[in-house]
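Enquirer: could you work out the structure for the sequence below:
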Amino acid sequence: MKAIILKDFGGVENLVNSEVPIPDISDNEVLIKVKAFSINPVDIKTRLGRGVASRLKEHPPMILGWDFSGIISDTGRSVKSFKSDDEVFGLINFPEPGKTYAEYLVAAESELALKPSNISHEEAAAAPLAALTAWQILKDKAAIYPGSNILIHSAAGGVGHYAVQMGRHLGAYVIGTASDVNMDFILSLGASEHLDYKKQRFEEVLKDIDFVLDTIGGDYIDRSLKVLGPGGKLISIPSGASEHVREKAQAVGMTGESFSVRPNGKNMKELAELLELGIVKSFVSKIYGFNEIQAAHQQIESGKTKGKIVVSLH
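Expert: As a prediction, the model looks like this:
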């Protein structure tokens, strides 16, 4: 089968098309013919030798990728929930290698959901890692309730654009930071308010925020803590060690932590329902071909991607 191999950590020139054997499945796994996969910031960090690079190196050949949509080609003898020809999508094996940059992949039954029939493979592939990150944070970690004031940084990005929609669905008043060019986009997603981070320092105009979702890190952690009201909480995705965020929050009498998504079949089924009902939609700004993987990585690396980008195999 065709696969995109990472020859070594570094630039996009290290991503090369190769031929590798179709992987074998165990009793509780399925073999999936990939129709589309998405690219996330963690893919870029890992390619550069950061992210989860150490885990990838332990499982050669090094094949990136964690979320996808495809069709089941074969099932292990213990698999009960799915059958051949089922269309499925999921986030697999994260943070261990998922190896989705390939024509076929192996996935655990417990990490999949049926793809909604009313969305494309590209829309489905865009969602798992980013949308599950947003859903697990907002639903399980943030204790969002109707009327909550929540602030979402980089609201037009991958995680951000799902979080805006989910926050609205949960009844929150959603404020999103994004450039002025993306104002109409995030308002169309359901944000109640937009802040242009280039023109306004959000900590100077906001206060009494119940929850902040930080997708940027760095000084955004300290700045975000300033806008929290009593009992407020900050969750940061890219900031590394949990104690780093927790200690900063505790120092100012607030609650904070970092977060990393984990595969979860139950959450995938919840996400499938949100997508099927149109409560949440994937915004795919561009679809690349399998042979355009280097350009796709460069787009994500630019830091200016609106919504998600996807690589299509059909």
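
Enquirer: where does the prediction get shaky in this structure?
Expert: 239-243 (pLDDT under 70).

Enquirer: break it into its domains for me.
Expert: Following automatic domain parsing, the chain resolves into domains at 2-127+282-312, 130-258.

Enquirer: which one of these lies nearest to N267?
Expert: Ranking the domains of the chain by proximity to N267 (Cβ to Cβ) places domain 130-258 first, at 5.6 Å. The C-beta positions use only the backbone N, C-alpha and C, and glycine is treated the same way.

Enquirer: end to end, how far does that closest one reach?
Expert: Terminal residues of domain 130-258 are spaced 15 Å apart (Cα to Cα, to the nearest Å).

Enquirer: sorry, back to before: put together a markdown table for the domains of the chain, with mean neighbour count on each row.
Expert: Shown next, in a markdown table, are those (neighbours: other Cβ atoms under 10 Å):
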| stretch | mean neighbour count |
| --- | --- |
| domain 2-127+282-312 | 19 |
| domain 130-258 | 20 |
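
Enquirer: possible to save those as JSON lines with distance to G265?
Expert: Formatted as JSON lines, those follow (distance: least, Cβ to Cβ, whole Å):
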{"stretch": "domain 2-127+282-312", "distance to G265": "5"}
{"stretch": "domain 130-258", "distance to G265": "11"}
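
Enquirer: nearest to L274, of those?
Expert: domain 130-258 (7.3 Å).

Enquirer: quick check, I309 in a helix?
Expert: No - under the criterion used here (DSSP: H, G, I helix; E, B strand; the rest coil), I309 is strand, not part of a helix.

Enquirer: skipping adjacent residues, who's closest to it in space?
Expert: K286 (5.0 Å; Cβ to Cβ, 6 or more residues apart in numbering).

Enquirer: what about the one you found, helix or strand, and which?
Expert: Assessed by DSSP states H and E, K286 sits inside strand 284-289.

Enquirer: roughly how far is the helix or strand that that strand is followed by from the heart of the chain?
Expert: Using DSSP H and E, the helix or strand that follows strand 284-289 in sequence is helix 293-301. Between the centre of helix 293-301 and the centre of its chain there are 16 Å (Cα atoms, centre = their mean, to the nearest Å).

Enquirer: over to stretch 306-314?
Expert: Chain-centre distance of stretch 306-314: 13 Å, with Cα atoms, centre = their mean.
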